[in-house]
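Undergrad: Mind looking at a prediction? Sequence and model below.
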Amino acid sequence: QVQLVESGGGLVQAGGSLRLSCAASGRIFDYYNMAWFRQAPGKEREFVAGISGSGSITSYADSVKGRFTISRDNAKNMGYLQMNSLKPEDTAVYYCAAVGRGIIYQEVRRYDYWGQGTQVTVSS
């Protein structure tokens, strides 16, 4: 069982930066692949970035490549999403998710554990 709690969201101007954090419970955090998803009003939840349990493999949605960086610190049971060059279209609730098997999935249904989400608003 893993519990996830996101933090770090807020209001930022276009071109600015934010770092989201995901605090995980459990003693074997490095067993789980972790990902960030986001959901804008009226839209489906979409994959943003994912990272393997060891941190050696990462994957990004095309819309955030070169701007966002996913990372993790297994010693601290923490995951992060550094977001640079933010755009108004990045406005959404951002969710941390984890799954204890397989590859870095991009489908919502593949993930077993979810945080409550943190709001990111980018003003133009």
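TA: Thanks, I have it.
Undergrad: Find the helix or strand that the spatially most central residue of the chain is a member of.
TA: The residue lying closest to the centre of the chain (Cα atoms, centre = their mean) is Trp36, at 2.2 Å. In this structure, Trp36 is located in strand 33-39 according to DSSP states H and E.
Undergrad: That strand: which residues count as buried?
TA: Asn33, Met34, Ala35, Trp36, Phe37, Arg38 (16 or more other Cβ atoms under 10 Å). Yep, even glycine has a C-beta here, placed from its N, CA and C like the rest.
Undergrad: helix or strand right after that strand?
TA: strand 46-51.
Undergrad: Which strands or helices does that next one pack on?
TA: Applying 3 or more Cβ pairs under 8 Å, 6 or more residues apart in numbering; DSSP states H and E, we find strand 46-51 packed against strand 33-39, strand 58-60, strand 68-73, strand 78-83.
Undergrad: Quick one: residues in contact with the second one.
TA: To tie it back to what came earlier, the one meant is strand 58-60. Val48, Ala49, Gly50, Ile51, Ser52, Phe68, Ile70, Ile104, Gln106 (Cβ atoms under 8 Å, 6 or more residues apart in numbering).
Undergrad: what's the most distant pair in those residues?
TA: Ser52 and Phe68 (16.6 Å; Cβ to Cβ).
Undergrad: who has more neighbours, these two?
TA: Phe68 (21 against 16; other Cβ atoms under 10 Å).
Undergrad: and the closest residue to that one other than its chain neighbours, what is it in contact with?
TA: Distances taken as Cβ to Cβ, 6 or more residues apart in numbering put Met83 closest to Phe68, at 5.1 Å, once the chain neighbours are dropped. Met83 makes contact with Ser17, Leu18, Arg19, Leu20, Val64, Arg67, Phe68, Asp90, Val120, according to Cβ under 8 Å, 6+ apart.
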